[in-house]
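Student: below is the structure, and that's it, no one-letter string:
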């Protein structure tokens, strides 16, 4: 993966997943991100705001784990990507024990066995697929492992093949 392009893609994740929420306070970073309509982002923000803290923490942690996995999918995590993942974790607003666990998983990705139970909102699922594909495509050459991860993630999150194709095409 082109180091600079992958860093830009991960920086986008930092902007969306850090600052104490899954999305930035205004949702501005993704409000126009095709193929996720602005009204779906607004709906997601309202849903997140209405959830108890433990749900927001669960969703945020799962989103960060997806980011860790996608950054590692090509089996080539460079130092700047790792540093940005750690920045994302540091700014996540999660408790120190959870942050420490996530940092330890940067180079050894966590199990995604129950991801579909922890990442529950359909728009957030699609948004993470979009960001995952953006990261995979950052260098213009998607590795087979990255494509396989994306396909598996879409299936796991219940996103149809047609919708996953739309998301890919939008990047």
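Tutor: Alright, I've got the coordinates. Remember, it's a predicted structure, so these values are computed and weren't measured experimentally. Numbers count the residues shown, from 1 in each chain.
Student: longest helix in the chain, by residue count?
Tutor: Secondary structure of the chain read by DSSP state H shows that its longest helix is helix 53-72.
Student: who's in contact with that one?
Tutor: 6, 10, 13, 17, 21-22, 48, 51, 77, 81-82, 85, 88-89, 92-94, 98, 102, 105-107, 109-110, 112, 115, 118-121, 124, 128, 131-132, 135-136, 146, 149-150, 153 (CB atoms under 8 Å, 6 or more residues apart in numbering). Just so you know, the C-beta spots here come from the backbone N, C-alpha and C atoms, and that holds for glycine as well.
Student: mind checking the SS state of the residue nearest to residue 168 when sequence neighbours are not counted?
Tutor: Nearest non-adjacent residue to residue 168, counting by CB to CB, 6 or more residues apart in numbering: residue 133, 5.3 Å away. Using DSSP: H, G, I helix; E, B strand; the rest coil, the structure places residue 133 in helix.
Student: likewise for residue 159?
Tutor: coil.
Student: ok, the residue nearest to residue 168 - contacts?
Tutor: Counting by CB under 8 Å, 6+ apart, residue 133 touches 150, 167-168, 171.
Student: where are the low-confidence patches of this protein?
Tutor: For the chain, residues meeting the criterion pLDDT under 70 lie at 1-34, 139.
Student: run through the helices of it in chain order.
Tutor: 3-17, 38-50, 53-72, 79-90, 96-104, 115-118, 122-136, 144-156, 161-170.
Student: can you mark which positions in the longest one are buried?
Tutor: Along helix 53-72, these residues count as buried under the neighbour rule (16 or more other CB atoms under 10 Å): 56-72.
Student: over to the second one?
Tutor: Buried residues in helix 38-50, counting neighbours by 16+ other CB under 10 Å, are found at 40-41, 44-45, 47-48.
Student: check the fourth one too.
Tutor: Neighbour-count burial for helix 79-90, with 16+ other CB under 10 Å as criterion, is recorded at 81-82, 84-85, 88-89.
Student: quick one: it to helix 96-104, angle?
Tutor: 160 degrees (axes from the mean of the first three to the mean of the last three CA atoms, to 10 degrees).
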